[in-house]
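Enquirer: Predicted model and sequence follow; I will ask about them next.
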Amino acid sequence: MVQGFVQIAIFCALVVAVVPLLGGHMARVFRGERTFLDPVVGRFERGTYRLLRIDPTQGQDWKAYARGVIFFSLAGWLLLFIILRTQTLHPWNPSDFHSGTWDLSFNTASSFVTNTNWQYYGGETTLSYFSQMAGLAVQNFVSAATGIAVAIALIRGIMARRSSNPVLGNFWQDLIRASYYVLLPISIIGAIVLISQGVVQTLGGSVADLARGPVASQEAIKELGTNGGGFFNVNSAYPFENPTGFSNLVEMFLILCIPASLTYTYGRMVGSRRQGWALFSAMSVLFIVSVVVVYIAEQHGTPAQHAAGVHTGLLDGTGGNLEGKEQRFGIANSALWTAVTTVTSCGAVNAAFDSLTGIGGMIPFVDLGYGESVFGGVGTGLYTMLLYVLLAVFIGGLMVGRTPEFLGKKIEAREIKLVSLGVLVTPLAVLLAAFLATATKYGSPSIFASGPQGFSEQLYAYMSQANNNGSAFAGYTGYYQPNPGNLGAHGITFADLLGGVTMLGARFLPIVLVLAVAGGLATKRVAPAGLGTLRTDTPTFVGLLGGVVVLIGALTFFPAILLGPVVQGLTDRLF
Amino acid sequence: MKLTKELLTAGIAVLVLTIVLGIGYPLVMTGVAQVAFPHKANGSQVKVDGKVVGSSLIGRAFVIDTGKKDSDGNPITRPDPKYFQPRPSQSDYSPTATFFSNRGPNSAVGRFFYRDALSTYLDLERPYDPGLTAAKVPVDAVTTSGSGVDPHISKANAAVQAHRIAAVRHLPPARVSSLIKANTDGRFLGVFGEPGVNVLELNLALDKEATAR
């Protein structure tokens, strides 16, 4: 157990070390300053602007910025849907897979455009290499870049000095610069490191039954962009996606590095690094609690194992609940990954969530309950946390009876209305979708397990899709596939459509609300901080912020979580 | 007019980025991989007599076909006592279509799975290791992995099976132990991950030993 905590501690130290480096780089990228990549990338960047026929220096107000996000995502959705529906026409389809059904394709296109990567299908038995590369991997990049762009736009709104023509930047420029200066270079390095560990990267088809493909290129951006959609059905548990202890470390690091570093970018851009570290601290505390709980819980066996007389204590270093876990990762790395992938909106897994212990399995629910604010998705995490900051400032203001202000700007009724909506859209989407699935008969064909486990599967499915996470209690299904390759397969239309609509709504409504908040803040006069100003860079505020996140995020779901994982954690009964 | 232009920009952006990030990037990576790491990029294939028998990263079953079929028409197999046995698998070690076992912590069906896995293990190993009880069976030996193709078993699991291998193959126990050690993948830098014994490589080493003698 000590050895496990040493691994966890070193991992956290590595993340802390990269935050100023990568965070500072991103601040330079989005201020339009020169970076060390300019000599190579600058030419491609300018060429792209020419092809797009845009002037990157032309600023957009919040409505134009939001239209950019929506139109771009819509176009991406359409192309992805068409690609998934026309697989028979593709090159690089060595297994001759047929096209996906319309309902599955709807769910999958919505899933990848929203940075969710929820997967009702198994990659290696459903999708051609072309679909994986030109369809899914592209959205892995650009949905992440979109998230970063929106977060940067919000920061610009917060910093803006009052002007008659408030602009949040240019969406197309932010999109391209996030892709070319941040995501692509790190993905290239990440992919090469992963290949050196044994992650496959080939266009050749199966050899001796071994399913292969261009995996490493996709694996790198899947983690870096907190997307999480596996090339293979069992995701990063599969050795061709994640073969060694080192590849596992690299992948966890890729998942967390951008969401963590963006807090520093924020601090740099608003001119006070302390502001950034305050957000980072609040996120870290909640994250570490999750890691510790799931790690300790998984040291124990499950009631089913004990009832069968299985010995789950340590024997020469091996013990605990190894069901659904790989020997090379063991309990420590499976538990750490579980927390990393659920606090961020990544959703890649290296162990089966459906086989976690009751209390261990509660942690993914709690993490999703935070609503992407604890590190969260790339960009998404920062803008969600900033909504919580505004809310915390408001609550703090109410306590002392002053008009709340944040970095010199008054927070008024319009902001608080928008912020409240932005924070509540996702939980409402979860509860509504889970209610529709649970209270009607249409949800039941998707459920695998019986008893509370089945309820967990269903609740988690909609929590994961609404939070754009994509991890699963994988018994839950929306697709029947009797043979590899889609022939004779059919989707479960209800689950596919409900999930798809949930993902789209819970991604784009908050984005529009965030941009509206940014647009409003940009018009406000800056007042100097007074004696009564609630400082937002102190330990007290970090505590208040963490409290607000826990109160609103996690407690919304407390009754529902009681019915699933907590029941199983408290009883030895088998269902 | 303005909206049409914005929609057009969005369409062009999607196409340009698809070419750069969806075709350019993975193809360049494939090129780099095939030049710099051809063995690993193609799946760390293991060949015996020039024929690909698997991948050193992907576990496989070592079983004997009993000639009988179950009610679904699938052949019934039993563990081959000449070989180290990998962990149980929900997919019979299929590297073509993977899935999770999704066996929940309070699963009533799961109890029967674990009971059967435990008795299969004890039946196979106890004749060679009379002191073996359920309390000495490591948990990896009776649980399925995440991938269903876990290439490793724990050191404790290998140590139990070593009794059988030494007896069936008439090898000195010390020789079996040293082969296990040689085919154990340690932690990265001695810190990250868990040590595991690579079953396919260990079994191939045993076969090589047999041919050499």
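Expert: Noted; the coordinates are in hand. Numbers count the residues shown, from 1 in each chain, chains lettered A, B, ... in the order given.

Enquirer: Centre of the chain to the longest helix belonging to chain B, how far?
Expert: For chain B, the helix with the greatest residue count under DSSP state H is helix B:108-125. On the basis of C-alpha atoms, centre = their mean, to the nearest Å, helix B:108-125 is displaced by 19 Å from the centre of the chain it belongs to.

Enquirer: And for the closest residue to chain B within chain A, the neighbour number?
Expert: Residue nearest to chain B within chain A (C-beta to the nearest C-beta): residue A:245, separated by 2.0 Å. (Glycine included, C-beta is placed from N, CA and C.) Applying other C-beta atoms under 10 Å in any protein chain shown, we find 26 residues neighbouring residue A:245.

Enquirer: nearest spatial neighbour of it, skipping sequence neighbours?
Expert: residue B:193 (2.0 Å; C-beta to C-beta, 6 or more residues apart in numbering or on different chains).

Enquirer: which residues in chain B form helices?
Expert: B:2-17, B:25-36, B:38-41, B:108-125, B:155-168, B:173-182, B:199-212.

Enquirer: Would you mind listing the buried residues in the longest helix of chain B?
Expert: By 16 or more other C-beta atoms under 10 Å in any protein chain shown, the buried positions in helix B:108-125 come out as B:110-111, B:113-115, B:117-118, B:120-122, B:124-125.

Enquirer: what pLDDT does the residue nearest to the spatial centre of chain A get?
Expert: Centroid-nearest residue in chain A, with C-alpha atoms, centre = their mean: residue A:345, separated by 1.7 Å. If you check residue A:345, the pLDDT there is 91.

Enquirer: tell me the contacts of residue 25?
Expert: Answering for chain A, as no chain was given. By C-beta atoms under 8 Å, 6 or more residues apart in numbering or on different chains, residue A:25 lies in contact with A:35, A:181-182.

Enquirer: Switch to chain B, please.
Expert: Shown in contact with residue B:25 (C-beta under 8 Å, 6+ apart): A:137, A:184, A:187-188, A:217.

Enquirer: Chain B next: which of those residues are close?
Expert: Near chain B, judged by C-beta under 8 Å from any C-beta of the partner chain, the entries from these are A:137, A:184, A:187-188, A:217.

Enquirer: which of those has the most neighbours?
Expert: residue A:217 (32 neighbours).

Enquirer: quick one on the thing from earlier: hmm, the residue nearest to the centre of chain A is touching residue A:115, no?
Expert: Yes. In terms of C-beta atoms under 8 Å, residue A:345 counts as a neighbour of residue A:115; the distance is 6.6 Å.

Enquirer: moving C-terminal of the worst-scoring helix or strand of chain A on mean pLDDT, what's the next helix or strand?
Expert: Lowest on mean pLDDT, DSSP states H and E among the helices and strands of chain A sits helix A:555-556, with a mean of 84. Toward the C-terminus, helix A:555-556 is succeeded by helix A:558-561 as the next helix or strand (DSSP states H and E).

Enquirer: buried residues in the next helix-or-strand element following that next one?
Expert: For helix A:558-561, the following helix or strand on the C-terminal side (DSSP H and E) is helix A:567-570. For helix A:567-570, a neighbour-count test (16+ other C-beta under 10 Å) marks A:567-569 as buried.

Enquirer: tell me, how many neighbours does residue A:502 end up with?
Expert: For residue A:502, using other C-beta under 10 Å, the count is 30.

Enquirer: tell me the contacts of it?
Expert: Applying C-beta under 8 Å, 6+ apart to residue A:502 gives the contacts A:429-430, A:433, A:462, A:465-466.

Enquirer: Just put those residues in JSON lines and tack on secondary structure, pLDDT and distance to chain B.
Expert: Formatted as JSON lines, the contacts of residue A:502 follow (DSSP: H, G, I helix; E, B strand; the rest coil; pLDDT from 0 to 100; distance: C-beta to the nearest C-beta, whole Å):
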{"residue": "A:429", "secondary structure": "helix", "pLDDT": "95", "distance to chain B": "25"}
{"residue": "A:430", "secondary structure": "helix", "pLDDT": "95", "distance to chain B": "21"}
{"residue": "A:433", "secondary structure": "helix", "pLDDT": "95", "distance to chain B": "21"}
{"residue": "A:462", "secondary structure": "helix", "pLDDT": "95", "distance to chain B": "18"}
{"residue": "A:465", "secondary structure": "helix", "pLDDT": "96", "distance to chain B": "18"}
{"residue": "A:466", "secondary structure": "helix", "pLDDT": "95", "distance to chain B": "22"}
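
Enquirer: Of all residues in chain B, which one is closest to chain A?
Expert: Residue nearest to chain A within chain B (C-beta to the nearest C-beta): residue B:193, separated by 2.0 Å.

Enquirer: my read: that residue touches residue A:242, true?
Expert: No. The pair residue B:193 and residue A:242 does not pass the contact test of C-beta under 8 Å, sitting 10.4 Å apart.

Enquirer: out of the two, which sits in the more crowded spot?
Expert: Set residue B:193 next to residue A:242 and count neighbours by other C-beta under 10 Å: residue A:242 wins out with 35 against 25.

Enquirer: Could you export the longest strand seen in chain B as CSV, CA atoms only?
Expert: Longest strand in chain B, counting residues (DSSP state E): strand B:63-69. Presented in CSV, the C-alpha positions along strand B:63-69 are these (Å, rounded to 0.1, in the frame of the first residue of the first chain):
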residue,chain,number,x,y,z
VAL,B,63,-5.5,-25.5,-23.5
ILE,B,64,-6.2,-29.0,-24.9
ASP,B,65,-9.3,-29.6,-27.0
THR,B,66,-11.3,-32.4,-25.4
GLY,B,67,-13.2,-33.1,-28.6
LYS,B,68,-16.5,-32.4,-26.8
LYS,B,69,-18.8,-29.5,-27.4
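
Enquirer: Which strands or helices does it pack on?
Expert: The contact analysis (3 or more C-beta pairs under 8 Å, 6 or more residues apart in numbering or on different chains; DSSP states H and E) places strand B:63-69 against strand B:75-79.

Enquirer: in its sheet, what does the strand it packs on sit against?
Expert: Strand B:75-79 pairs in its sheet with strand B:63-69 (antiparallel), by DSSP bridges.

Enquirer: Give the burial count for residue A:520, as a bare number.
Expert: Neighbour number of residue A:520 under other C-beta under 10 Å is 18.

Enquirer: In what element of secondary structure is it found?
Expert: Applying DSSP H and E, one finds residue A:520 within helix A:493-522.

Enquirer: which is the next helix or strand following that helix?
Expert: Later in the chain than helix A:493-522, the nearest helix or strand by DSSP H and E is helix A:539-548.

Enquirer: Counting neighbours, show which residues of that next one come out buried.
Expert: Buried, per 16+ other C-beta under 10 Å, within helix A:539-548: A:541-542, A:544-546, A:548.

Enquirer: cool, stretch B:90-104 as well?
Expert: B:90-91, B:93-95, B:97-104.

Enquirer: Those: which two are farthest apart?
Expert: B:95 and B:104 (25.5 Å; C-beta to C-beta).

Enquirer: what's the spacing between the longest strand of chain B and its chain's center?
Expert: Centroid separation for strand B:63-69 versus its chain: 21 Å, with C-alpha atoms, centre = their mean.

Enquirer: Quick one: residues in contact with that strand.
Expert: B:75-80.

Enquirer: and it, what's its mean pLDDT?
Expert: 89.

Enquirer: Kindly report the same for stretch A:175-194.
Expert: pLDDT averaged over stretch A:175-194 gives 97.
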